[in-house]
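>>> What follows is a predicted protein model with its sequence.
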Amino acid sequence: MKTLWKEYGQTVITVLVAAMLLILCLWGFRIIGSGMERPAAGADVGNNMDGKMLKDIHSRQVPVIIYEDHRILTIADKIALSELFHAVDADGKELKIEITDIRNQAGKTVEDIYEKAGIYEIEVRVEDAYEKRTVSRFRIPVNGGGI
């Protein structure tokens, strides 16, 4: 028996300690779980306010970006691009827009649409308070501005 205990004693103690730790963890989860709210059997859980709010937010319309300056732009114009667009959310509240990309006719990214005449593609992004996003691309012609 003494040789058996010498051979397997450490393993037996390790298994006993692991079993005790497992029992303590499960007992702790039982205690934590008893403090949580749970609906009574047959209770109506469909009348959940959080669920309704989540459904309302999910079904909410995305913001709309509008290009509002329909005049002919020339390279002599120095109008800020942010003044050419505006955005509104589903409630009609004005939102801040973000110009994320400007590309020339060749598809290359440029810094300014007033460098030379051509058709520029401008990417505009907007996000409302409910994190609904819209990204739109507008093709805007810019003339040479001759007399």
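Ah, there it is.

>>> what ranges do the strands span in the chain?
64-67, 73-74, 85-88, 94-95, 97-103, 118-127, 133-143 (DSSP state E).

>>> Given the longest one, what are its sheet partners and their directions?
The one in question is strand 133-143. Strand 133-143 pairs in its sheet with strand 73-74 (parallel), strand 118-127 (antiparallel), by DSSP bridges.

>>> The fourth one too?
In its sheet, strand 94-95 lies beside strand 85-88 (antiparallel), with partners assigned from DSSP bridges.

>>> Can you show me the CA trace of the strand it pairs with as PDB?
Extracted in PDB, the C-alpha atoms of strand 85-88 (Å, rounded to 0.1, in the frame of the first residue of the first chain):
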ATOM      1  CA  PHE A  85     -23.800  68.800 -49.700                       C
ATOM      2  CA  HIS A  86     -26.100  68.400 -46.700                       C
ATOM      3  CA  ALA A  87     -27.500  65.400 -44.900                       C
ATOM      4  CA  VAL A  88     -30.600  64.800 -42.800                       C
END
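
>>> that older thread, now the strands paired with strand 133-143 as CSV including distance to residue 140 and mean neighbour count?
Every residue, glycine included, has its C-beta placed from N, CA and C. Listed next are the strands paired with strand 133-143 as CSV, based on distance: least, CB to CB, whole Å; neighbours: other CB atoms under 10 Å:
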stretch, distance to residue 140, mean neighbour count
strand 73-74, 7, 16
strand 118-127, 5, 18
